[in-house]
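**Q** task: produce atomic coordinates for the following.
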Amino acid sequence: MNDETISPAAPLFTRPTEAKGAPRHVIPQRESLPATAKQIVEDETILDGNARLNLATFVSTWMDDEAKDVYTSSFDKNMIDKDEYPQTAAIEDNCWRMLANLWNSPDAGHSIGTSTIGSSEACMLGGLAFKRRWQQLRRAQGKDASTPNLVMSSAVQVCWEKFCNYFDVEARFVPITEEHKTLDGHDLEKYVDENTIGVVAIMGVTYTGMYEPVAQIAAALDAIQERTGLDIPIHVDGASGGMIAPFLQPDLVWDFRLERVHSISTSGHKYGLVYPGLGWVVWREARWLPEDLIFKVSYLGGEMPTFALNFSRPGAQVLLQYYLFLRLGFEGYRAVQQESQDVAKYLAAGIGALDAFDLWNDGSDIPVFAWRLKKGHTDNWTLYDLQDRLRMRGWLVPAYPMPDDLTDITVQRIVVRNGLSMDLAQSLLADIQREVAYLDGLQSPMPTAAATSAFHH
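**A** Residues are numbered from 1 along each chain as shown. Below is the predicted model:
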């Protein structure tokens, strides 16, 4: 017996559940027809924005039809069931080894890695490896191991703040400034000490898209080691740049070519081009992942290591990543990422040409760039007003304050992903030009409602 007490052939919107409205906070007492439940879900999400016009998110919003077939056929695979899905487990192993080689591991056979739900989990695994290894060394030396700290930019992604909070590590933030727009090794000696478990370097700062110069950070740590004996490793948060730099800036040294880089994480669901959620983390050498963080599960009559924070998690995205590695290859990835960067540079040039704006960066690192309102341009509107005007045309282009020590600066940012074509970019630029002209034509200030940021990591 279901709630649809009239014929299933009755017009959809006259059925009882549709006519009354669905409950919001309690499970309904009786079932509905599948078509009715499906329609309610579709109706309630119809006001969501168009994902491809969301220029706030780094997360993939488009895959081809063959990828969707792979996804549909593997919805039911649980990545942790390695004995039941041994080939999916083998494919996961193949993928992180491909990444180890992509990131110039000196010997991928001696590396170790895993898939994760996203790069946040991957970052936390990298941080945990740092903390556990530091604790073991301190205890072996008979020293206190209760006050670890982790050094990072003030523009770090929020997952690192979560890591420090959840796992009792002091977060030491090196402020970014107009002179030092990223963590670049400047004054690093003021932040590290014998309790520092590692330094985080970001390949693609969330706020602006800029690379932090990992080689420069490593050189600063080399100099610190020469003076103090402190041997401090680096984790590269390559959530975005880890899948951009190898293809677009192959000569940039940021990866396992630097011996001080112990681990690298990335988002498969960002510029890895896979639907959410998928991340990867790889250690340069297996010795940098403490053995007591690894659990053993049965696999093909033997044992398979597992060290993710999550247990049950989808295997479908791992298969999607493998599909894309096979489908695109190195040259295909290079072409896709180059097109995204070309679009980003086109948009940055067009926005930078407007009298109202100063570019913060131009998309020449990852295909992401930010701009600010030119000082003294107007008192009648802000970037939050432009954000709202663009939202009315369907575009989500976030405005937000910069991190600590630069919070007086508001920027606006565009993330270019696969699916934002040059044709769409031309439409976007025309809309920005049109809305800026409208705002510049105001004779008095816009109403001063509370500024609402659409900024999302």
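**Q** pLDDT weak spots in the protein?
**A** The model of the chain has pLDDT under 70 over residues 1-19, 297-304, 449-457.
**Q** now the strands for it?
**A** Ranges of strands in the chain, per DSSP state E, are 112-116, 149-153, 170-174, 196-202, 234-237, 261-267, 279-283, 295-299, 302-306, 357-359, 368-373, 399-401, 410-415.
**Q** what pairs with the fifth one, parallel or antiparallel?
**A** In other words, strand 234-237. strand 196-202 (parallel), strand 261-267 (parallel) (DSSP bridges).
**Q** quick one: that strand to chain centroid distance?
**A** 14 Å (C-alpha atoms, centre = their mean, to the nearest Å).
**Q** got the CA positions of that strand in CSV?
**A** Output of strand 234-237 as CSV, limited to C-alpha atoms (Å, rounded to 0.1, in the frame of the first residue of the first chain):
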residue,chain,number,x,y,z
ILE,A,234,57.8,19.0,2.8
HIS,A,235,54.4,17.8,1.9
VAL,A,236,53.2,19.3,-1.4
ASP,A,237,49.5,20.0,-1.5
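**Q** can you tell me how far Ala35 sits from Ala22?
**A** From Ala35 over to Ala22 the distance is 14 Å, taken as C-beta to C-beta, to the nearest Å. Quick note: C-beta positions are derived from backbone N, CA and C, even for glycine.
**Q** so which of those two has more stuff around it?
**A** Shown here are Ala35 and Ala22; by other C-beta atoms under 10 Å, Ala22 has more neighbours (16 against 12).
**Q** the more buried one contacts Pro28, doesn't it?
**A** Yes: assessed by C-beta atoms under 8 Å, Ala22 is found in contact with Pro28 at 7.3 Å.
**Q** contacts only, for Val411.
**A** Tyr207, Thr208, Trp360, Ala370, Trp371, Arg372, Leu383, Ala399, Tyr400, Met402 (C-beta atoms under 8 Å, 6 or more residues apart in numbering).
**Q** at 10 Å instead, please
**A** Val411 makes contact with 207-208, 357-361, 369-373, 383, 398-402, 455, according to C-beta atoms under 10 Å, 6 or more residues apart in numbering.
**Q** and for Ser146?
**A** Ser146 neighbours (C-beta under 10 Å, 6+ apart): Gln135, Arg138, Asp168, Asn195.
**Q** need the max-distance pair from those.
**A** Arg138 and Asp168 (14.5 Å; C-beta to C-beta).
**Q** more neighbours: which of the two?
**A** Taking other C-beta under 10 Å, Arg138 and Asp168 do not tie; Arg138 has more neighbours (18 against 10).
**Q** for that one, which non-adjacent residue is spatially closest?
**A** In this structure, Arg138 finds its nearest non-sequential neighbour in Ala145, 3.9 Å apart by C-beta to C-beta, 6 or more residues apart in numbering.
**Q** now render the strands paired with strand 234-237 as JSON lines, adding mean neighbour count.
**A** Putting those into JSON lines (neighbours: other C-beta atoms under 10 Å) gives the following:
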{"stretch": "strand 196-202", "mean neighbour count": "26"}
{"stretch": "strand 261-267", "mean neighbour count": "28"}
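**Q** was I right to think Met243 contacts Leu278?
**A** No: Met243 is beyond contact range of Leu278, at 11.3 Å (criterion: C-beta atoms under 10 Å).
**Q** quickly list what's touching both of these two.
**A** With C-beta under 10 Å, 6+ apart as the test, Met243 and Leu278 both reach Thr266, Ser267, Gly268, Lys270, Gly272.
**Q** neighbours of the nearest residue to the third one once chain neighbours are set aside, how many?
**A** So the one you mean is Gly268. Spatial nearest neighbour of Gly268, excluding adjacent residues (C-beta to C-beta, 6+ apart): Leu278 at 3.4 Å. Leu278 has 28 neighbours, counted by other C-beta under 10 Å.
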